[in-house]
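A.B. asks: Based on what follows, work out the 3D shape:
(2 chains)
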Amino acid sequence: MGERLEDVRRLFFNWEVMTATFPELLREGLPNTLMVSFGAISIGIVFGMLVALMGISHRWYLKVPAKVYIDIFRGLPAVLTIVLVGLGLPAAGIRPWGREARIAAAVALGAIATAYIAEIFRAGIQSIDKGQMEASRSVGMTYLQAMWLVIIPQAVRRVFPPLTNEAIAIIKDSSLIFVIGLSIGQRDLFRVGQNIAQQSGNYSAVTAAALYYLAITIPLTYLVNWLDTRLREGPKEALPADDLPATAEPGR
Amino acid sequence: MSAPADPSPAGAVRPRVALKGLSKRFGTLEVLNGVDLEIVPGEVVCVLGPSGSGKSTMLRCINLLETPTGGVVEVDGVDITARETNIDDVRTRVGMVFQHFNLFPHMTALGNVTVALRRVKRMKRDEAERIGRERLAEVGLADKADARPAQLSGGQQQRVAIARALAMDPEVMLFDEVTSALDPELVKDVLDVMRGLAAGGMTMVVVTHEMGFAREVADRVVFMDAGALVEEGTPEEIFGHARSPRLRDFLDKVL
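C.D. replies: Here you go, the predicted model:
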């Protein structure tokens, strides 16, 4: 029993291997993970809002493509989308973002994030009382003015918790981008850890990478909980966020 | 203009609002069937009727928050249901106040009153805020310009909503059961503001359950039931000499 425990300690929590891995993770893995994730979240927020607005439109030629997009990208395994978008499209000569693998990775993750964030924004927008739209229109605002000035500013506050959850999910999913092949210097946290583990035959390097992920995701999880409570009970002008999956578990 | 130019619908003055054969169906449900009503400038028309009689729907057709399924709505002689009419433009001239206030909770009272001046009428901030503060003062809330809706009482919120509609300098104001969601002790302040508007010559269409207000302020009272205009007349005629059994029945219940 004690021997087994010692094996676990040596293979997964070897302090020497871990301390040797930390600098490389910090220098290469962390910036790449953050860049790819941040890029994907930015893409997801911009296009997610667009797809959400299309999805709540009454015009079929806006609504249908939005629904189809959301269904497809929420329905596919992330790794499959990453291969198709990150490897397939460039192989087919479609690479407006150039040959940089990290950008291809961010686009692939961004395509997935767009679908999820579109649903988050749609739920947020539809949770705003319809009297807000009516009051906006009654003073002469156009539909888009009402959306931009009245509905979206209120919806954004409500979707902050689920949006942060989505950011956590993206950061975790960014570990899948190794499938498109990352050369030295492009590797993310997971890939750096895994490479060192392969070389050293010791998983402690992966454990070290795990600590980096947890250092990012756990605080974000608590931020979600805090935001959630604040939105529910918080300052008086805060609105109920009942219609939103705000407390849903992070990840998927 | 302190008194209605001519309270009778057949008057020579061009009506500010004219409903001609107005109909509205929701699916198979006939909510309005062929309502005819003309409102002249400066006139205050109160609309009474049991719930489900179509009075709110009629009101909401006047600024096309509901799209009529039949008939014509004219504002200043222009058919607003016509395809070529710019409805956003019409709505800047038709103010509306709602039962549940519908203030924008993320803006201050002043922000609520000025947002359309700035974004729809493209006014400069200074000019918009000057007008906004004037309107807030008119409804007795000059000191609440920087308050958020959540910091205001229901009655105060509703008065901000009235100021928001007034800021656009509308030619007619629509009131949709604006005191129904208020605690009884807050109703009077709102009605006082509306009395002031009426005395100032504002053209008003008021859907209300406040019989006292209708009796005292209305130039004309209209009674609706089952999507139709059943009876209309001066407050005295409606409250004192109701002709139709349905109106008498309604008044028996509410008075």
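A.B. asks: tell me which parts of the stretch 1-150 of chain B are close to chain A?
C.D. replies: B:63, B:65, B:88-89, B:91-92, B:94-96, B:98, B:100, B:102-106, B:115-116, B:119-121, B:148-150 (Cβ under 8 Å from any Cβ of the partner chain). All C-beta atoms are positioned from the backbone trio N, CA, C, and that covers glycine.
A.B. asks: cool, the stretch 151-255 of chain B as well?
C.D. replies: Listed as neighbours of chain A in the stretch 151-255 of chain B under the rule Cβ under 8 Å from any Cβ: B:151, B:161, B:164, B:165, B:168.
A.B. asks: try 7 Å
C.D. replies: Residues of the stretch 151-255 of chain B lying close to chain A by Cβ under 7 Å from any Cβ of the partner chain are B:151, B:164, B:165, B:168.
A.B. asks: Top of the residues you listed by number of neighbours, please.
C.D. replies: Counting neighbours by other Cβ atoms under 10 Å in any protein chain shown, the top entry in those is residue B:164, with 32 neighbours.
A.B. asks: Regarding that one, which helix or strand does it belong to?
C.D. replies: In this assignment (DSSP states H and E), residue B:164 forms part of helix B:154-167.
A.B. asks: Which strands and helices lie in contact with that helix?
C.D. replies: strand B:94-97, helix B:109-119, helix B:125-138, helix B:184-199 (3 or more Cβ pairs under 7 Å, 6 or more residues apart in numbering or on different chains; DSSP states H and E).
A.B. asks: After that helix, which helix or strand is next?
C.D. replies: strand B:172-176.
A.B. asks: Next up, the contacts around the nearest residue to residue A:140 once chain neighbours are set aside.
C.D. replies: Leaving aside its sequence neighbours, residue A:140 sits nearest to residue B:92 (Cβ to Cβ, 6 or more residues apart in numbering or on different chains; 3.6 Å). Residue B:92 sits next to A:139, A:140, B:120, B:168 when contact means Cβ atoms under 7 Å, 6 or more residues apart in numbering or on different chains.
A.B. asks: For those residues, name the two members farthest from one another.
C.D. replies: B:120 and B:168 (7.7 Å; Cβ to Cβ).
A.B. asks: Would you mind listing the residues touching both of those two?
C.D. replies: Residues touching both residue B:120 and residue B:168 (Cβ under 7 Å, 6+ apart): A:139, A:140, B:92.
A.B. asks: Pretty sure the first one sits against residue B:114.
C.D. replies: If I follow you right, that is residue A:139. No - judged on Cβ atoms under 7 Å, residue A:139 makes no contact with residue B:114 at a distance of 10.5 Å.
A.B. asks: Residue A:174 belongs to a helix, doesn't it?
C.D. replies: Yes - under DSSP: H, G, I helix; E, B strand; the rest coil, residue A:174 sits within a helix.
A.B. asks: pLDDT value on it, please?
C.D. replies: For residue A:174, the pLDDT comes out at 96.
A.B. asks: Show me what the residue nearest in space to the middle of chain B bridges to in the sheet.
C.D. replies: The C-alpha lying nearest the average C-alpha coordinate of chain B belongs to residue B:174 (Cα atoms, centre = their mean; 1.4 Å). Residue B:174 has these beta-bridge partners by DSSP bridges: residue B:96, residue B:205.
A.B. asks: That one contacts residue B:98, doesn't it?
C.D. replies: No - between residue B:174 and residue B:98 there is no contact under Cβ under 7 Å: 9.3 Å.
A.B. asks: Which pLDDT value belongs to the residue lying farthest from the centre of chain B?
C.D. replies: Farthest-out residue of chain B from its mean C-alpha position, per Cα atoms, centre = their mean: residue B:126, at 28.6 Å. At residue B:126, the pLDDT value in this model is 96.
A.B. asks: same thing with residue A:86?
C.D. replies: At residue A:86, pLDDT is 87.
A.B. asks: That one: how many residues sit nearby?
C.D. replies: A total of 26 residues lie near residue A:86 under the criterion other Cβ under 10 Å.
A.B. asks: isn't residue B:123 right next to residue B:117, touching?
C.D. replies: Yes - with contact defined as Cβ under 7 Å, residue B:123 reaches residue B:117; the gap is 4.7 Å.
A.B. asks: Please identify which of those two sits among more neighbours.
C.D. replies: Between residue B:123 and residue B:117, residue B:117 has the larger neighbour count (other Cβ under 10 Å), namely 26 against 18.
A.B. asks: In contact with the closest residue to the more buried one other than its chain neighbours, which residues?
C.D. replies: Residue nearest to residue B:117 in three dimensions, not counting chain neighbours: residue B:128, with 3.9 Å by Cβ to Cβ, 6+ apart. The neighbours of residue B:128, taking Cβ under 7 Å, 6+ apart as the test, are B:114, B:117, B:118.
A.B. asks: how far away is the second one from residue B:146?
C.D. replies: Taking Cβ to Cβ, to the nearest Å as the measure, residue B:117 and residue B:146 are separated by 17 Å.
A.B. asks: Then the last one?
C.D. replies: Using Cβ to Cβ, we find residue B:118 at a distance of 17 Å from residue B:146.
A.B. asks: More neighbours: which of the two?
C.D. replies: Set residue B:118 next to residue B:146 and count neighbours by other Cβ under 10 Å: residue B:118 wins out with 17 against 10.
A.B. asks: contacting residues for residue 181?
C.D. replies: Just going to use chain A. Counting by Cβ under 7 Å, 6+ apart, the residues that residue A:181 touches are residue A:101.
A.B. asks: switch to chain B, that's the one I care about
C.D. replies: B:99, B:100, B:154.
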